[in-house]
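Colleague: below are the sequence and a predicted model; questions follow.
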Amino acid sequence: MNDAAQLLLALKEHGWTLGIAESLTGGALAAEIVSVPGASAVLLGAVVAYATPVKASLLGVDAELLAVHGPVHPRVAEQMATGVRKVMRVDGRAADVGISTTGIAGPESPDGQPVGTVHVGVCSPAGVHSYQFLFKGDRASIRAQSVDAAIAVACEWMRE
């Protein structure tokens, strides 16, 4: 069983639903999750908030945080994960878990942080946390590593 299937199984066992907010992964995380048969029992939906202002306007990321630190920051990842739970609402009930990705896939960095800097946010009823990574490789490789890391940390979060 791959990590995406394990994550979905853990969420299903908790009776929890999932919302995803992506930036640098551009929908690849959601695509990986939906590649697992039965994902619709858990995944409510995903938002690709690629433009920085969309992180604030749709996901509720603090605009001042974005202005001061930019979109590649641990608190941005946390706020994206928290915000997507609220956005993914069915019958008035927010998603139980939010996962987010934000980072720099390259080939250049717009703000001086190293290419490959990635933050993954996870928010659940147990709290919110971000994880920082520094991946090596080209743009496609960094994005693929980010998807794998997001699923892996969410699986780990579910085990705790």
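Modeller: Everything's here; your move. Numbering: from 1, shown residues only.
Colleague: which residues does the most centrally placed residue in the chain contact?
Modeller: The residue lying closest to the centre of the chain (Cα atoms, centre = their mean) is Ser100, at 1.5 Å. The contact partners of Ser100, by Cβ atoms under 8 Å, 6 or more residues apart in numbering, come to 20-23, 77-78, 80-81, 84, 120-122, 150. C-betas here are computed from N, CA, C, even on glycine.
Colleague: from the residues you listed, which is closest to Tyr131?
Modeller: Val120 (4.8 Å; Cβ to Cβ).
Colleague: may I see the buried residues of the longest helix anywhere in the chain?
Modeller: The residue-count maximum for a helix in the chain (DSSP state H) belongs to helix 139-159. Neighbour-count burial for helix 139-159 flags 142-155, 157-158 (criterion: 16 or more other Cβ atoms under 10 Å).
Colleague: quick check: closest non-adjacent residue to Ser23.
Modeller: Thr102 (4.3 Å; Cβ to Cβ, 6 or more residues apart in numbering).
Colleague: try Gly27
Modeller: Val48 (5.1 Å).
Colleague: next one: the residue lying farthest from the centre of the chain from Thr17, what distance?
Modeller: Distance from the C-alpha centroid of the chain peaks at Asp91, with 22.9 Å (Cα atoms, centre = their mean). According to Cβ to Cβ, to the nearest Å, Asp91 and Thr17 sit 11 Å apart.
Colleague: ok, Gly70 next?
Modeller: Distance, Gly70 to Thr17, using Cβ to Cβ: 30 Å.
Colleague: equivalent analysis for Gly83, please.
Modeller: With Cβ to Cβ as the criterion, Gly83 and Thr17 are 15 Å apart.
Colleague: go on, Ile33?
Modeller: Here the distance between Ile33 and Thr17 works out to 12 Å (Cβ to Cβ).
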